[in-house]
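# got a structure for you, letters missing:
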């Protein structure tokens, strides 16, 4: 019941994963830092699907950087668990993008992690209005 | 000026690190997830210095788990940068411990990351009052 | 031409992957250590498909451990490259298993990595004849 | 007895480490891939001490890449173990450098890992004679 994403924030994309044994630690569960890896990979897959390449942008001098992350760990993943990262997105002010990302175990839709990741586009270390990115992401 | 830890939350411990090249990503800076590794290692060093062994507890059926993390990324670390993680600690209610952890570059004390990490002790997946741990940590 | 696996050692399984950005380092290519992660995950998927659970064995006191690894890095993988790990297996003496594992980029079959990974089953740190494992893997 | 580095290959440098809990896996020991991280960091520290910067070279178009690695895993490291990586170096032909790297636990000098890592310097993906590097490393 409370495993269900009853409060869909408007997910735009989902990426599917399986836990790899090396991602688990001595407690037998996925190490906390690895969830950030999953979330990052899901964001990059989402951006890529919209024609926004993380590394392509870096190569032309624009870096997408994370300025803040909040993660609530609800339930641990274990070896070989399958799961999805679902991603929603909203603007915050002129330069910030907030990714709302939730992780659900497959197939029982158990809520594993709730996260909010705030990012900005920067050029030479300074925030820039992410105009073209916004357009590509359909946020205008 | 604003690099200084002007607002010391009562740090109880610090751990020193140097950035390893494999921790940096294509942008040439430390990948965000690795800061969680640094914070975790600093927490475990702190607990260990107080006689609280993360893995020792696991072996007797008690797991210290992180339930929430907030990280503000202020400035990136680069290859071979030296830095410290400083850790403060407070109780929250009966079962939660909140670690306030800040990362500063050495030697200029540039603020790199501000974090709050909430943890609980669990036995068989249920939170337990961390009595002995609290005593050892001097939080009573 | 020389990208082709002209010398098939008798692959028994293959696992497909995509490079995740966090696996790449400052040089823009997958960090060498991550290939060991890919190889390990492919071995565990292979073992699992045969009913041999790495973590299940650990829980009954048997650890499969790697005693030697040789990796030839032929060509680097980059962000978002797709690839397969193909795995063959042979016995060596009474207690050793040798996994021959090669990585090929998709879809052009470019050879990326050639590896040989030697493992033994241990109980309380001592090698044991991997009888049941051998049977399950069809190596008798 | 057989823990002793009875056969010193002419170590030129050593780097000291402590095992971090997140480097350990479900078996309670350091995951095999992490030894490659330790070896890499020790090589880069060694090169850096000689004025050869891995990332500095990358920035001027020269990449030091690993073409082959052999690792013998002799004994596992566990949580909080202290250890050193000792590094020797020899030329192989005109373009190859071979790093002989051994890991010993502190303080008992237990041999943990023996490794040989072959590297070449490349420019635009092609091997180049590592002239200046050789000079800096005192290998001429």
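Right, received. Where do you want to start? Computed from a predicted structure; not experimentally measured.

# tell me the SS of the residue nearest the centre of chain A?
Residue closest to the average C-alpha location in chain A (CA atoms, centre = their mean): residue A:39, at 3.5 Å. With DSSP: H, G, I helix; E, B strand; the rest coil as the basis, the three-state label of residue A:39 is helix.

# that one against residue A:116, yeah?
No: the criterion here is CB atoms under 8 Å, and residue A:39 misses it with residue A:116 at 10.1 Å. (C-beta placed from N, C-alpha, C; glycine too.)

# contacting residues for the nearest residue to residue A:18 once chain neighbours are set aside?
Spatial nearest neighbour of residue A:18, chain neighbours left out: residue A:82 (5.0 Å); criterion: CB to CB, 6 or more residues apart in numbering or on different chains. Residues near residue A:82 by CB atoms under 8 Å, 6 or more residues apart in numbering or on different chains: A:16-19, A:105-107.

# what about the closest residue to the residue nearest to the centre of chain A other than its chain neighbours, helix or strand, and which?
Spatially, and ignoring its direct neighbours in sequence, residue A:39 is nearest to residue A:101 (5.0 Å; CB to CB, 6+ apart). Residue A:101 belongs to strand A:96-106 when assigned by DSSP states H and E.

# does residue A:90 really touch residue A:117, like I thought?
No: using CB under 8 Å, residue A:90 makes no contact with residue A:117, being 11.5 Å away.

# looking at these two, which is more packed in?
More crowded of residue A:90 and residue A:117, by other CB atoms under 10 Å in any protein chain shown: residue A:117, with 23 against 13.

# neighbours of the nearest residue to the more buried one once chain neighbours are set aside, how many?
Leaving aside its chain neighbours, residue A:117 sits nearest to residue A:99 (4.4 Å; criterion: CB to CB, 6+ apart). Neighbour count of residue A:99, defined by other CB under 10 Å: 22.

# what sits against residue A:99?
A:39, A:43, A:87-89, A:115-119.

# looking at those, which are in helices?
A:39, A:43 (DSSP state H).

# and the gap between residue A:118 and residue A:54?
16 Å (CB to CB, to the nearest Å).

# these two: which is more packed in?
The neighbour count for residue A:118 versus residue A:54, taken as other CB under 10 Å, is higher for residue A:54 (21 against 17).

# tell me which residues touch the more buried one, please.
A:44, A:47-48, A:64, C:21, C:79 are the contacts of residue A:54 under CB under 8 Å, 6+ apart.

# same thing with residue A:90?
By CB under 8 Å, 6+ apart, the residues touching residue A:90 are A:97-98, A:100, A:139.

# which two of those have the greatest separation?
Using CB to CB, the contacts of residue A:90 span at most 13.3 Å, a distance reached by A:100 and A:139.

# nearest spatial neighbour of residue A:139, chain-adjacent residues omitted?
residue A:91 (5.6 Å).

# mind listing what's buried in the lowest-mean-pLDDT helix or strand in chain A?
For chain A, the helix or strand with the lowest mean confidence is helix A:131-137, at a mean of 78 (criterion: mean pLDDT, DSSP states H and E). For helix A:131-137, a neighbour-count test (16 or more other CB atoms under 10 Å in any protein chain shown) marks A:133-134, A:137 as buried.

# for it, packing partners?
If contacts are counted by 3 or more CB pairs under 8 Å, 6 or more residues apart in numbering or on different chains; DSSP states H and E, helix A:131-137 sits against no helix or strand.

# phi and psi next, for residue A:54.
When quoted as degrees, to the nearest 10, the phi and psi of residue A:54 stand at phi -50, psi -50.

# which one is it nearest to, not counting chain neighbours?
In space, residue A:54 is closest to residue A:44, 5.0 Å off (CB to CB, 6+ apart).

# who's in contact with that neighbour?
Contacts of residue A:44 by CB under 8 Å, 6+ apart are A:54, C:20-21.

# so residue A:66 makes contact with residue A:119?
Yes: counting by CB under 8 Å, residue A:66 does reach residue A:119; the two are 5.1 Å apart.

# higher neighbour count, the two?
residue A:119 (24 against 21).

# how close does the more buried one get to chain D?
Distance of residue A:119 to chain D, computed by CB to the nearest CB, to the nearest Å: 24 Å.
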